[in-house]
Every structure is written in C-alpha cells, then in structure tokens.
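# I'll drop the sequence and a predicted model, then ask my questions.
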Amino acid sequence: MSVLLEFAMFPTDKGASVSDYVSKIIAMIRSKNIRYKLTAMGTIAETETLEEALKIVQDSYTILEPFSERVYSSIKLDIRKNKSDRLNTKIESIESKIGKVEK
C-alpha cells in the first residue's frame, strides 16, 4: 500500500515567518527515514500505512503544541493499494506524457 500525505502545519501566533517551527517538523520526518518532499506550500510524505501517515500529523502537532496557542493544519491523503514509490512514479508518469503532448 502507498499512502501519500500532503500537509502543512504551523503556529498561527508567531508572526509572518514560521520556518523555525516547520524545520522542527521536517527534522522529525527525516529522523524517522520517511520519504518526503518539501514544497513551498507544504510537505508530501509517503508511508506504507494510513496509521503511519496519521502518526506524522500527530507527531507534528506534538512538536508545535508547546510553542503556540493555535496551530493551523491542512491535510490531504491519497491511499492506494498494491502500489509503492508513488512519490516519484506519479511525477514520472506525467512527465512521460508531457513529451507526447508537446510533439
């Protein structure tokens, strides 16, 4: 199974820049050897189970909770059986089709 989690989570009461807080979440994801991609608007991680994906969300909140009275989060999940490495293969599939469209 492949679970793609796209999420953003940050404290709302720390001013215009929250990168110090987001970096704590990314460090946690890295420490668990979870495949991920950081984007300008959030983070995409791939796990093998829904429970693992939801644990990332819970652990992220646990990191931010001591620093903030209010934490914002948006979460999207794409769960697919019998697939893996979709963090890469979904992009490769689109890129291979772009070449066909442009010809």
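Here it is on my side, so go on. None of the values given here were measured: they were computed from a predicted structure. Residues are numbered from 1 along each chain as shown.

# okay, now the unreliable bits of this protein?
103 (pLDDT under 70).

# kindly recompute the last result at 80.
Applying pLDDT under 80 to the chain flags residues 99-103.

# how about the strands in it?
In the chain, the strands defined using DSSP state E lie at 2-11, 35-39, 42-47, 71-80.

# now render those as CSV, adding distance to residue 97.
(Each C-beta comes from the backbone N, C-alpha and C, glycine too.) Shown next, in CSV, are the strands of the chain (distance: least, CB to CB, whole Å):
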stretch, distance to residue 97
strand 2-11, 19
strand 35-39, 20
strand 42-47, 20
strand 71-80, 19
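
# which of the residues in the helix of greatest length in the chain are buried?
Counting by DSSP state H, the longest helix found in the chain is helix 86-102. By neighbour count on 16 or more other CB atoms under 10 Å, the buried set for helix 86-102 is 86, 90.

# equivalent analysis for stretch 27-36, please.
Those would be 29, 34, 36, for stretch 27-36 by 16+ other CB under 10 Å.

# list just the nearest of those residues to residue 102.
residue 36 (29.9 Å; CB to CB).

# roughly how far apart are residue 5 and residue 89?
Noted for residue 5: a distance of 16 Å to residue 89, by CB to CB, to the nearest Å.

# and what of residue 26?
Distance from residue 26 to residue 89, by CB to CB: 23 Å.

# same thing with residue 50?
Distance from residue 50 to residue 89, by CB to CB: 20 Å.

# next: residue 13.
Distance from residue 13 to residue 89, by CB to CB: 39 Å.

# next: residue 37.
13 Å.

# ok, and what's touching the longest helix of the chain?
Outside helix 86-102, the residues that touch it by CB atoms under 8 Å, 6 or more residues apart in numbering are 2, 4, 35, 36, 37, 44, 45, 46, 78, 80, 83.

# please repeat the previous calculation with a cut-off of 7 Å.
With contacts defined as CB atoms under 7 Å, 6 or more residues apart in numbering, helix 86-102 is touched by 2, 4, 35, 37, 44, 46, 80.
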